[in-house]
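**Q** coords below, sequence missing:
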């Protein structure tokens, strides 16, 4: 209860008993409105639950909500239908006290949904074993069946219950559902034959027509057109109700409740027969009724399993049995229509009663050992319409009886609690509605007695004669007002066919039209006999043949209802009641709309203000000492954090610390009683303010606890981790040692047997040796192409070493080449060519290696010249100063030799360059000696020689370089001849000359005494 009291200005109070101005209906409704706006649809008046229909689905009925309310004290959790149910269920289970939950309210206020939630909670919190689950399924599935046959769409509610229902749920010794029993009250039979505009007949008719398969409809001679049936003609066809889905749910529920196929077929045959019966029309000839469509009688009799001719006669004739004779008289059209409608109402009413009986048979407890019962009463609330009739009188009479029961039980429980707690009981003044109940039901003097008397007396009794009798016999009563008794102002709005009763919930004016007919509820004897002969098992069981033999007139409808109601009161008096009062917030069935005027009417009709006043006549708040101390002990230093004395002493210390006045509270034996809500509000506000200090203390302590736990966990975890890590490291080290020892052992054995037969050990050793050699080799490879010292290798790797040395040499060469400039590359190519030409062939080759070749070797003493003009555009590729030995005694002469792409030019350079010889390179041959000298003999083909000319004998300073350039230009190594014989002959002036080659200390070329050209080569 104390939860959210600090927010009471916004969300109201959870218990209306805590309202300061509890006498004000406006304050009470405003509290409901505040809670409704916050989607809080439940409010308490003590232990009475008020439920305001939200007209939308709220997420407050799931498994988590069931868990939140299970086994919780009534005031520990916010108001909820689950809380009421849990309290009743625990009292039944733990204390063996039979319970009853009374659900009331007007149509559309959510009574049926509330009863479903009660069943849902019980199903959730009890065991789910086989038999228990089966019983729970039957209890839950009884709802769609009863709703189909007993509910209808009205202008106020799409699923309005048109009957009262009391369901007993039977529990075994373990507290699990083991069976059930259902009682029904006052089914609205008149709805069968007519409905108010905008309303519908019972759901089952629409479900059958719109949900059944075509074959089923054909078997029942039905079609889906709703307008084809007179009993449905005034009803709405759709309005968002899924009748097809409803039909499937009903069929499924009937199967679960164990209705066999024959029973189901016969039920729907009777339903179809009632639809056809409404279409039976009558004409009148000479005052005698005639059936317009006789073929319909055939269809109806086939569906009901009776004789067609008997049914036809029963609808158009009436047999009256007197003392002397039996007289059959034909009926007029008006009476025939009455007989038809009476049959339809009677058949449907008895079908519904059979359905309830059959449900009870299925729910009947099998284990007849002791069991406890929880009853759920879902019954109509107090009704005041613009036009009130017989049904409203019965309904309001029922509510008067329930109000009387409520007052009795509430006052009784209050008085018992006060006496138990040793608190002085003060008589509470309240309106005792027993005077109204007596006005209605008192034997021989009440309204029911006079109505029955008028129905039973011989002669022409009418509604007006009944009203006259009521006015005559009840005009003395303060709660009965007739037109004659009313004052002038009331007479203006009250008809002469009306009377008024002053109920506890307000004055209601009733119109007597149809009272006697509805009270008589007469079904002609012929029709009863015809039905008793039916082959339909259901019809047979509800129209017993023994009933026809009885000469006793059946009790009137209101007497039957009074007896059933008194029986219900006896049942409820033996049980501990819980109350759910349902309220409809608006007539438009819209969510979020709260019509205060409409709610005010319902508050009045439900007697909620009277309930509140009775509850508040004593103390607004009461709580066990232990619970009160546990919640508020922080408000006194003497009781915080733990009080070691008795709870009562602790509470006394608390109230003294809080400054309670003597008239604000009383101390009972086990509870504290607080008189005024403001005292509780003051206490709760102080507690809310204290919460911040408590929260800081609790947070600090809790953080310390968490930190200590975390530290201990971390310490324990670290010890465990260290242990396992050390173990793991030790295992790894041992494994490594074993592995290392095996490796060393295998290595040594492989080394010893390396030259022996192949084994796994020596193969591994050799592989290792190869790998180690490759690693050493990778670290000691030559880095310079000119210094290619190759590391030594094991014997097993010699072939690989040679192959790798060759590959690596090629690799170094490639790297070296890629780094060369075009000029350097050209030089190296010339050097390579010189090697091919002269290595090991001419002794002066070694001295040429260190020096780069040049393209211009013309002596500095010779002036630089541009030879392009005399070479006819040819580009000089090589030029060098040479000494030419002519044919006239081998006299030496300075010349310049020029090499172009195609020709060799020998120039004389004095004042200006002059070509002395121009020879094509590809036709010349060149002769050198293998010795260290500079002589070059250029042999000229005879066809190119002039008559006084011969071969050219030249002394070339750089003989290796010059010849390499010539061979590179011509790309013809065959032009060069290294002549290693002496003497060497040459052509000179048309004759042959001789060149002698000798070895001396220094190089020289001169003519010797023999006339030969002598070449002295050095060693």
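**A** Nice, thanks for sending it over. No experiment lies behind these values; they were computed from the predicted model shown.
**Q** chain center to the top helix by length along the chain: distance?
**A** Scanning the chain for the helix with the most residues, using DSSP state H, yields helix 677-752. Put simply, helix 677-752 sits 35 Å off its chain's centre (Cα atoms, centre = their mean, to the nearest Å).
**Q** Which strands and helices lie in contact with that helix?
**A** With contacts defined as 3 or more Cβ pairs under 8 Å, 6 or more residues apart in numbering; DSSP states H and E, helix 677-752 has these neighbours: strand 621-624, helix 625-632, helix 647-658, helix 760-779. (Glycine included, C-beta is placed from N, CA and C.)
**Q** For residue 457, grab the count of nearby residues.
**A** With neighbours defined by other Cβ atoms under 10 Å, the count for residue 457 comes to 12.
**Q** Let the chain start at 51 from now.
**A** Sure, I'll start counting at 51 from here, so that last one is residue 507.
**Q** From residue 354, how far off is it?
**A** Distance, residue 507 to residue 354, using Cβ to Cβ, to the nearest Å: 34 Å.
**Q** What of residue 614?
**A** Using Cβ to Cβ, residue 614 is found at 27 Å from residue 354.
**Q** same deal with residue 521?
**A** Residue 521 is 44 Å from residue 354, where distance means Cβ to Cβ.
**Q** These two: who's more crowded?
**A** Between residue 521 and residue 354, counted using other Cβ under 10 Å, the more crowded position is residue 354 (27 against 16).
**Q** what's around the spatially closest residue to the more buried one that is not a sequence neighbour, how many residues?
**A** Leaving aside its sequence neighbours, residue 354 sits nearest to residue 323 (Cβ to Cβ, 6 or more residues apart in numbering; 4.9 Å). For residue 323, the neighbour count with other Cβ under 10 Å is 26.
**Q** just the one 5 residues further on next, same as before
**A** Residue 328 sits with 21 neighbouring residues when counted by other Cβ under 10 Å.
**Q** residue contacts, it?
**A** Taking Cβ atoms under 8 Å, 6 or more residues apart in numbering, we find residue 328 in contact with 243, 279, 280, 281, 282, 390, 394.
**Q** can you rerun that using 7 Å?
**A** Residue 328 is in contact with 279, 280, 281, 394, counting by Cβ atoms under 7 Å, 6 or more residues apart in numbering.
**Q** Narrow the residues you listed to those in helices?
**A** The members of the contacts of residue 328 that map onto helices under DSSP H are residue 394.
**Q** Which of the contacts of residue 328 has the largest number of neighbours?
**A** In those, the most neighbours by other Cβ under 10 Å go to residue 281, 23 neighbours.
**Q** So that one sits against residue 326, correct?
**A** No. Between residue 281 and residue 326 there is no contact under Cβ atoms under 7 Å: 9.5 Å.
**Q** Phi and psi next, for residue 235.
**A** In terms of degrees, to the nearest 10, the main-chain angles of residue 235 are phi -130, psi 130.
**Q** Residue 410 and residue 232 touch, don't they?
**A** Yes. Using Cβ under 7 Å, residue 410 is in contact with residue 232, at 5.8 Å.
**Q** hmm, back to that, quick one: mean pLDDT for the longest helix of the chain?
**A** The pLDDT scores in helix 727-802 average 89.
**Q** now the angle from that helix to helix 810-829?
**A** If you take axes from the mean of the first three to the mean of the last three Cα atoms, to 10 degrees, helix 727-802 sits at 100 degrees to helix 810-829.
**Q** My read is that residue 334 contacts residue 383, right?
**A** Yes. Counting by Cβ under 7 Å, residue 334 does reach residue 383; the two are 3.9 Å apart.
**Q** ok, these two, which is more surrounded?
**A** Comparing residue 334 with residue 383 by other Cβ under 10 Å, the one with more neighbours is residue 383, at 17 against 13.
**Q** residues touching that one, list them.
**A** Contacts of residue 383 (Cβ under 7 Å, 6+ apart): 332, 333, 334, 339.
**Q** From residue 471, how far out is the closest residue to residue 72 other than its chain neighbours?
**A** Distances taken as Cβ to Cβ, 6+ apart put residue 666 closest to residue 72, at 4.8 Å, once the chain neighbours are dropped. As judged by Cβ to Cβ, residue 666 and residue 471 stand 17 Å apart.
**Q** Between the two, point out the one with more neighbours.
**A** Neighbour totals were compared for residue 666 and residue 471, and residue 666 leads with 21 against 16 (other Cβ under 10 Å).
**Q** and residue 90, how far is that from residue 763?
**A** From residue 90 across to residue 763, the span is 43 Å (Cβ to Cβ).
**Q** the more surrounded of these two?
**A** Neighbour totals were compared for residue 90 and residue 763, and residue 90 leads with 21 against 10 (other Cβ under 10 Å).
**Q** Residue 368 contacts residue 577, doesn't it?
**A** No. Counting by Cβ under 7 Å, residue 368 stays clear of residue 577, with 9.1 Å between them.
**Q** More neighbours: which of the two?
**A** In terms of neighbours (other Cβ under 10 Å), residue 577 is the more surrounded of residue 368 and residue 577; the figures are 23 against 19.
**Q** what comes up buried for stretch 309-321?
**A** Buried residues in stretch 309-321, counted by 16 or more other Cβ atoms under 10 Å: 309, 313, 316, 317, 318, 319, 320, 321.
**Q** try stretch 1035-1054
**A** Neighbour-count burial for stretch 1035-1054 [16+ other Cβ under 10 Å]: 1036, 1037, 1038, 1043, 1045, 1047, 1053.
**Q** mind checking pLDDT for residue 372?
**A** Here, the pLDDT recorded for residue 372 equals 64.
**Q** what do you get for the one 10 residues further on?
**A** If you check residue 382, the pLDDT there is 90.
**Q** That one is in contact with residue 334, isn't it?
**A** Yes. When contacts are counted by Cβ under 7 Å, residue 382 is listed as touching residue 334 (6.4 Å).
**Q** could you pull out the strands for the stretch 501-650 of the chain?
**A** In the stretch 501-650 of the chain, the strands defined using DSSP state E, counting those that start in this stretch lie at 530-532, 548-553, 556-561, 626-633.
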